[in-house]
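Participant: here is a sequence with its predicted model. Questions after.
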There are 2 protein chains.
Amino acid sequence: MPTFIDIHEGFHGVTQDQFDEAHQADLDIQAEEGVRFERAWLDPSSGKVFCLATGPSMDAVRRVHARAGHPADETYEVPLEVS
Amino acid sequence: MPTFIDIHEGFHGVTQDQFDEAHQADLDIQAEEGVRFERAWLDPSSGKVFCLATGPSMDAVRRVHARAGHPADETYEVPLEVS
């Protein structure tokens, strides 16, 4: 299953509770698109969110975020990984 | 220990071996700066690399990449995380 990273803008000053709530909105519907959001990170100063997901296609990942009310600004397929 | 995500540009068409080698250059010196690169992902189409790291400061993370020969284009501290 391909891996994706996406970036959201505009999350300035967002709290952990608000971040949890936004993430939960993705989790609630991700199975309908065959997507799994693995982790996400937020910088409240720059307002950027980075999400790590797997799914059948970039469109499927983007659809979950759009349906959850926070469409991604950028999405990248990342076929190479190191750890 | 704070968490950081950074972005590198220009890694178009990079192979897994080349990615491994670039990452190893970070791992070889990261302890000198108190940094730990946890994971990194690469999209050879857009040429973007995303690195997840912990370390004492943003400067320390940026220093490791600069000393390894691939300075980051953008670095963000990400104090909030969901999983």
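Facilitator: The structure has been received and is ready for your questions.
Participant: going by C-alpha atoms from here, please, whenever you check contacts or count neighbours.
Facilitator: Will do.
Participant: need the contact partners of the top helix by length along chain A.
Facilitator: Scanning chain A for the longest helix, with DSSP state H as the assignment, gives helix A:16-30. Residues outside helix A:16-30 that contact it (C-alpha atoms under 8 Å, 6 or more residues apart in numbering or on different chains) are A:36-37, A:42, A:64-65, A:68, A:70, B:80-82.
Participant: select from these the one having the most neighbours.
Facilitator: Neighbour tally across these (other C-alpha atoms under 10 Å in any protein chain shown): the maximum, 30 neighbours, falls on A:Leu42.
Participant: residues contacting that residue?
Facilitator: Counting by C-alpha under 8 Å, 6+ apart, A:Leu42 has contacts A:11, A:19, A:48-50, B:78-81.
Participant: quickly list what A:Ile7 is bridged to.
Facilitator: Using DSSP bridges, the beta-bridge partners of A:Ile7 come out as A:Phe50, A:Glu74.
Participant: can I assume it is in contact with A:His70?
Facilitator: No - if you go by C-alpha atoms under 8 Å, A:Ile7 and A:His70 don't touch, sitting 10.7 Å apart.
Participant: what parts of chain A come near chain B?
Facilitator: A:15-16, A:19-20, A:23, A:37-44, A:46, A:76-83 (C-alpha under 8 Å from any C-alpha of the partner chain).
Participant: repeat that with 10 Å
Facilitator: Neighbours of chain B within chain A, by C-alpha under 10 Å from any C-alpha of the partner chain: A:3-5, A:14-17, A:19-24, A:37-52, A:76-83.
Participant: among those, name the buried ones.
Facilitator: A:3-5, A:19, A:22-24, A:37, A:40-44, A:48-52, A:76-78, A:80-82 (16 or more other C-alpha atoms under 10 Å in any protein chain shown).
Participant: can you get me the start-to-end distance on stretch A:22-38?
Facilitator: Using C-alpha to C-alpha, to the nearest Å, the end-to-end distance of stretch A:22-38 comes out at 14 Å.
Participant: what about it, average pLDDT?
Facilitator: The average pLDDT for stretch A:22-38 rounds to 97.
Participant: and for stretch A:64-81?
Facilitator: Per-residue scores along stretch A:64-81 average to 98.
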